[in-house]
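1. Okay, predicted coordinates and the sequence, questions at the end:
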Amino acid sequence: MDPLDQSFETPKPVIKTTDYKILDASKGISPALHQIPPSEPATVPPPPMMRLGKGFASLIPDLESQSQRWVWQLREWPEFHWDMGDLASALAAARQAQGRLQMAGRVLAPSLTRDALAQVLKDEGMSTSAIEGESLNPESLSASIARHLGIPWDRTPDTRDVDGLISVLRGATERREEPLSLQALCAWQAELFPCGRSQDLHKITTGSLRPEEVIVAHGPYGRETVDFAGVPREHLEPQIDRFIEWFNTSRDNMDGLIRAGQTHLWFVTLHPFDDGNGRIARALTDMAIAQDWGPSECLFRMSYQILAVRKDYYGALQNAQSAESGMDTTQWLKWFLTQVAAACRHAEQTIMHVLAKARFWAEHRENVNDRQRKVLNVLLDTKPGEYKGGMTTKKYAIIAECPNITASRDLSDLVEKGCLEPLMREEKEEDGRLSVRPLGGRSSAYDVPWSRLLV
């Protein structure tokens, strides 16, 4: 009998009956990727919350009720296919945005490229963690990035909790020419959890594949709804080997951005680790994008944009991972390419921010004191318009560690030199007209003149 016709049981004790079949994709299936006309995507609503779970007891009836619920249960797995004609418009838009970003990056001097990369990595680190519900210390993150990039840093917060993450994010693109291996993936996962515990302090397996079955679910405890179940543990080794072989051999025979989208979907569907699968999937996506980018430093990442549309992200993944997709990833790739274009536009804004900061210091480097420089760096390191409430006398005194009277005098001096400008507010006149006036008195607040710097 053809081995492809043999079904296997999901390992006990997770599923107690075998009334649904999963074909063994580790036997005889070539990971060929070809194209056929698209089919309608499954319409699964995105979950309000996602979490990893290993306690299956209350979820078994829900799983058993489906004969073929997940894409990895299909006979064709993992032979993904898509319609290039349907993707043409989204791919062209992504390539155009990528080209604009590459052109913008070429005007940067090496030191400014490094500064832009530091901001890109900070956005990536904060975002890839936030997608998983984890909040990082921005100061620790910036310090760790500075150390990895060789940037002088005058503040020395503890960075042990973020060093592993930055090592993974940096290594994914810096070592993009090295073949991917299971050893490298396991090392990445171990770096993400140096203490061997997840965010909620549960003990997890690190540095090796997960020891048991895994699901992704949402909902209150005891009434969870299963959003996805990973590939059964007993078939994980051959499945991950197949993925790695495809990743290492597909670079020269398919479009790089489509390959990045397929990389993300395939890996997160395997869900090979106890925790950290999403972060590693996004790091692998960035590696594939960097391989497509070329020899220079890739100046965009995906997590910032994915976080911005997180609900849609979960919905797109669920649709593509459903057996109803029939291995057709056209809709997933269309969604992914749209996010690539948006990520490139965001990175272009980052470059403009870096150029604005360089323009500012070229004009004012010699006419500010050390206190003023420290405060100005705080404002300039914040994206335009995002320093809440502006710089006030009280905030200045805290940052510069000086009396309020000194802070007030320094702020007035910076305004006179054109380093700062007062924040404005709209006021309604007696005749009903609106006028714009600077905030005054104790409400006085300031920011750098972004409108002039970002031209």
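-> Thanks, I have the structure now.
2. and V107, how many neighbours does it have?
-> Using other CB atoms under 10 Å, V107 is surrounded by 10 other residues. Every C-beta, even on glycine, is put in place using the N, C-alpha and C of the backbone.
3. Also V226?
-> 21.
4. Any chance you could give me whichever helix or strand it is part of in CSV, C-alpha atoms only?
-> Taking DSSP states H and E as the criterion, V226 maps to strand 225-229. In CSV, the C-alpha atoms belonging to strand 225-229 read as follows (Å, rounded to 0.1, in the frame of the first residue of the first chain):
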residue,chain,number,x,y,z
THR,A,225,-12.0,27.7,21.8
VAL,A,226,-9.2,26.0,19.8
ASP,A,227,-7.8,28.2,17.1
PHE,A,228,-5.0,25.9,15.9
ALA,A,229,-3.3,22.6,16.8
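5. now that strand: mean pLDDT?
-> Per-region confidence: strand 225-229 scores 83 on mean pLDDT.
6. Can you pull up the most central residue in this protein?
-> S303 (1.6 Å; CA atoms, centre = their mean).
7. Pretty sure that residue sits against E132.
-> No. Assessed by CB atoms under 8 Å, S303 is found out of contact with E132, at 10.2 Å.
8. count of residues packed around N404?
-> 12.
9. Just to check, it is in contact with K394?
-> Yes. Using CB under 8 Å, N404 is in contact with K394, at 7.0 Å.
10. picking up where we left off before, who are the neighbours in contact with the residue nearest to the centre of the chain?
-> 123-124, 127-128, 131, 282 (CB atoms under 8 Å, 6 or more residues apart in numbering).
11. Let's have those in JSON lines, adding pLDDT.
-> As requested, these are exported to JSON lines (pLDDT from 0 to 100):
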{"residue": "D123", "pLDDT": "93"}
{"residue": "E124", "pLDDT": "94"}
{"residue": "S127", "pLDDT": "95"}
{"residue": "T128", "pLDDT": "94"}
{"residue": "I131", "pLDDT": "92"}
{"residue": "R282", "pLDDT": "96"}
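12. Which one of those residues is nearest to G385?
-> D123 (15.9 Å; CB to CB).
13. Hmm, Y304 and that closest one touching each other?
-> Yes. Using CB under 8 Å, D123 is in contact with Y304, at 4.4 Å.
14. which residues do the two both contact?
-> By CB under 8 Å, 6+ apart, the residues touching both D123 and Y304 are H346.
15. about what we covered before: and the strand holding V226, which strands flank it?
-> Strand 225-229 has the following strand partners under DSSP bridges: strand 215-218 (antiparallel).
16. I'd like the mean pLDDT over the partner strand, please.
-> Rounded mean pLDDT across strand 215-218 is 80.
17. can you check stretch 74-91 too?
-> 95.
18. Now do the end-to-end distance for that stretch.
-> End-to-end span of stretch 74-91 (CA to CA, to the nearest Å): 28 Å.
19. ok, and for it, which residues are buried?
-> 74, 77-78, 80-83, 86-87, 90-91 (16 or more other CB atoms under 10 Å).
20. still on that earlier bit, closest to E139 among the contacts of S303?
-> When the contacts of S303 are compared against E139 (criterion: CB to CB), the nearest one is D123, at 15.2 Å.
21. Report the contact partners of the closest one.
-> 301, 303-304, 346, 350.
22. hmm, 10 Å instead?
-> With contacts defined as CB atoms under 10 Å, 6 or more residues apart in numbering, the neighbours of D123 are 141, 300-301, 303-305, 307, 343, 346-347, 350, 383.
23. what comes into contact with the helix or strand harbouring R371?
-> Here R371 sits within helix 370-380, counting by DSSP H and E. Residues outside helix 370-380 that contact it (CB under 10 Å, 6+ apart) are 154-155, 353-354, 356-358, 360-361, 364-365, 368, 387, 390-391, 395-402, 406-407, 410-411, 413-414, 417, 419-420, 446-448, 450, 453.
24. roughly how far is it from the heart of the chain?
-> Put simply, helix 370-380 sits 29 Å off its chain's centre (CA atoms, centre = their mean, to the nearest Å).
25. Can you give me the buried ones in the helix or strand just after the strand holding V226?
-> Using DSSP H and E, the helix or strand that follows strand 225-229 in sequence is helix 236-249. For helix 236-249, the neighbour count (16+ other CB under 10 Å) marks 236, 239-240, 242-244, 246-247 as buried.
26. if we take the residues you listed, which one ends up nearest to E213?
-> L236 (9.8 Å).
27. Do a quick rundown of the helices in the stretch 251-400 of the chain.
-> Using DSSP state H, counting those that start in this stretch, the helices of the stretch 251-400 of the chain run over 256-270, 277-293, 303-308, 310-321, 330-364, 370-380, 393-400.
28. what angle separates the fourth one from strand 225-229?
-> Translated: helix 310-321. 60 degrees (axes from the mean of the first three to the mean of the last three CA atoms, to 10 degrees).
29. Please apply the same query to the last one.
-> Taking the same axes, to 10 degrees, one finds helix 393-400 and strand 225-229 inclined to each other by 40 degrees.
30. mean confidence for helix 393-400?
-> Here the average pLDDT along helix 393-400 is 94.
31. Going by neighbour count, which residues of the helix or strand following it are buried?
-> As assigned by DSSP H and E, the chain's next helix or strand after helix 393-400 is helix 404-416. Residues 407-408, 410-411, 414 are the ones in helix 404-416 that count as buried (16+ other CB under 10 Å).
32. for stretch 370-378, same thing?
-> 371-372, 374-376.
33. Of those, just say which sits nearest to R147.
-> K374 (20.0 Å).
34. I'd like to know how far the closest one sits from L423.
-> 20 Å (CB to CB, to the nearest Å).
35. Next: R100.
-> 32 Å.
36. Please name the spatially closest residue to R310 (chain neighbours excluded).
-> I131 (6.0 Å; CB to CB, 6 or more residues apart in numbering).
37. thinking again about what came up before, spit out the residues that contact S303 and E132 alike.
-> With CB under 10 Å, 6+ apart, S303 and E132 have common neighbours 278-279.
38. and R359, how many neighbours?
-> When neighbours are counted by other CB under 10 Å, R359 comes out with 14.
39. Can you give me every residue that contacts the residue nearest to R310?
-> 50, 278-279, 282, 303-304, 306-307, 310, 313-314.
40. swap in L149?
-> So L149 contacts 114-115, 117-118, 121, 166, 170 (CB under 10 Å, 6+ apart).
41. now the stretch 101-250 of the chain, which segments are flagged as low pLDDT?
-> 154-159 (pLDDT under 70).
42. would you list every one of the helices in it?
-> Under DSSP H, counting those that start in this stretch, the stretch 101-250 of the chain gives helices at 110-131, 138-149, 160-174, 182-192, 236-249.
43. will you turn the helices of the stretch 251-400 of the chain into TSV that also has distance to V231?
-> Formatted as TSV, the helices of the stretch 251-400 of the chain follow (distance: least, CB to CB, whole Å):
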stretch	distance to V231
helix 256-270	5
helix 277-293	11
helix 303-308	23
helix 310-321	11
helix 330-364	18
helix 370-380	47
helix 393-400	51
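44. nearest to L201, of those?
-> Judging those by CB to CB, what sits closest to L201 is helix 277-293, at 17.7 Å.
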